[in-house]
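Q: here are the coordinates; sequence isn't available:
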């Protein structure tokens, strides 16, 4: 039982990768996941669609392999790749983004 309580106590301390997207109209989207696992394709539910002109990807995670890549897609369900990069902050020409992947 003590081991279970210990694991529950440290769970919030596990760091997660973070992906922040800034839009040309001032909106910001923040995505994250615990651990280094890929999150598969994720749709971004903004209306109107987010017109991304800056991205910041922080892949660092504790105790697991860090993801190395993020991808931004024009369409939902990760259709029509628009941008791909690794960890860091990137300014880009504004582009409409409706989904993303981290792996």
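A: Received the coordinates, thanks. All figures in this text were calculated on a predicted structure; none of them were measured in a lab. Residues are numbered from 1 along each chain as shown.

Q: In the chain, where is pLDDT below threshold?
A: Scanning the chain for pLDDT under 70 picks out 1-15, 34-39.

Q: which residues in it form strands?
A: Using DSSP state E, the strands of the chain run over residues 16-23, 28-34, 42-43, 50-58, 70-75, 79-85, 88-97, 99-102.

Q: could you dump those to a markdown table with mean neighbour count and distance to residue 64?
A: C-beta here means a position set from N, CA and C on the backbone, and glycine is covered the same way. As requested, the strands of the chain are exported to a markdown table (neighbours: other Cβ atoms under 10 Å; distance: least, Cβ to Cβ, whole Å):
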| stretch | mean neighbour count | distance to residue 64 |
| --- | --- | --- |
| strand 16-23 | 19 | 10 |
| strand 28-34 | 14 | 9 |
| strand 42-43 | 15 | 19 |
| strand 50-58 | 19 | 15 |
| strand 70-75 | 20 | 17 |
| strand 79-85 | 13 | 21 |
| strand 88-97 | 13 | 20 |
| strand 99-102 | 22 | 13 |
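
Q: hey, what's the residue nearest to the spatial centre of the chain bridged with?
A: Note on the chain: the residue nearest the mean C-alpha position is residue 19, at 3.3 Å, using Cα atoms, centre = their mean. For residue 19, the beta-bridge partners are residue 31, residue 57 (DSSP bridges).

Q: quick one: contacts for it?
A: 30-32, 55-58, 70, 100, 102 (Cβ atoms under 8 Å, 6 or more residues apart in numbering).

Q: Tell me how far the nearest residue to residue 93 once chain neighbours are set aside lies from residue 21.
A: Leaving aside its sequence neighbours, residue 93 sits nearest to residue 53 (Cβ to Cβ, 6 or more residues apart in numbering; 7.2 Å). The spacing between residue 53 and residue 21, counted by Cβ to Cβ, to the nearest Å, is 9 Å.

Q: This completes my enquiry, with thanks.
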